[in-house]
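Enquirer: coords please:
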Amino acid sequence: MDSPRSPIRNPQSSFTLIELLVTVVILATGIVVVMRAFNTSLVALDESQNALQTAWVIRNCVAEVRIDAAEDGRITPGRASGRVERPTVDSLWEIEKEPVAAEGGGGTNGALYRVTVATWPENVDRRYSAATYIRCRQ
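Expert: Numbering: from 1, shown residues only. Predicted structure coming up:
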């Protein structure tokens, strides 16, 4: 007969230590996977912000050259550089304006210019650049 002090336990009603350890390992693995996915999404967001900033800087530089060409009727060849301040990382830019040979061969007519804009986040080795051609009246 059983004593009232020691209740009879059903061996199927509780978890073993092995089952608890397996559960902890599975949960830890799931957390690691979620954290890596979160980190990957943060890196992708940063790259996206850099690409958007780069596109804005390039479009702004080209627009300024087009406005100057429309107002003055000419483009002054040469190089210029500058900095765009951002809340996180500043961007540097460089623009080069050079005359292009006239269509059909013969010399430089000064009416067609190649405008190249390069930009990059400060302290980053990756540069983004774009080139376009602008024709201005003479």
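
Enquirer: Quick one: the strands in the chain, in order.
Expert: Using DSSP state E, the strands of the chain run over 78-84, 91-101, 108-121, 128-135.

Enquirer: quick one, which of these is nearest to Ala28?
Expert: With Cβ to Cβ as the criterion, Ala28 lies closest to strand 108-121 of the strands of the chain, at 35.6 Å. No exception for glycine: its C-beta is placed from N, CA and C like everyone else's.

Enquirer: tell me the helices in the protein, going along the chain?
Expert: Counting by DSSP state H, one finds helices in the chain at the ranges 17-72.

Enquirer: low-confidence ranges in this protein?
Expert: Within the chain, the segments meeting pLDDT under 70 span 1-12, 101-110, 137-138.

Enquirer: ok, the residue most central in space within the chain to Ile134 distance?
Expert: Residue closest to the mean C-alpha point of the chain, counted by Cα atoms, centre = their mean, is Glu47 at 2.5 Å. Here the criterion is Cβ to Cβ, to the nearest Å. By it, Glu47 lies 30 Å from Ile134.

Enquirer: picking that back up, tabulate the strands of the chain (CSV), appending mean neighbour count and distance to Gly30.
Expert: Shown next, in CSV, are the strands of the chain (neighbours: other Cβ atoms under 10 Å; distance: least, Cβ to Cβ, whole Å):
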stretch, mean neighbour count, distance to Gly30
strand 78-84, 12, 41
strand 91-101, 17, 38
strand 108-121, 18, 34
strand 128-135, 14, 38
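
Enquirer: In TSV: these, plus distance to Ile18.
Expert: Converted to TSV, the strands of the chain look like this (distance: least, Cβ to Cβ, whole Å):
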stretch	distance to Ile18
strand 78-84	59
strand 91-101	56
strand 108-121	51
strand 128-135	55
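
Enquirer: Quick one, which of those gets closest to Val65.
Expert: Among these, the nearest to Val65 by Cβ to Cβ is strand 108-121 (5.3 Å).

Enquirer: just checking, what packs against the closest one?
Expert: Judged by 3 or more Cβ pairs under 8 Å, 6 or more residues apart in numbering; DSSP states H and E, strand 108-121 is in contact with helix 17-72, strand 91-101, strand 128-135.
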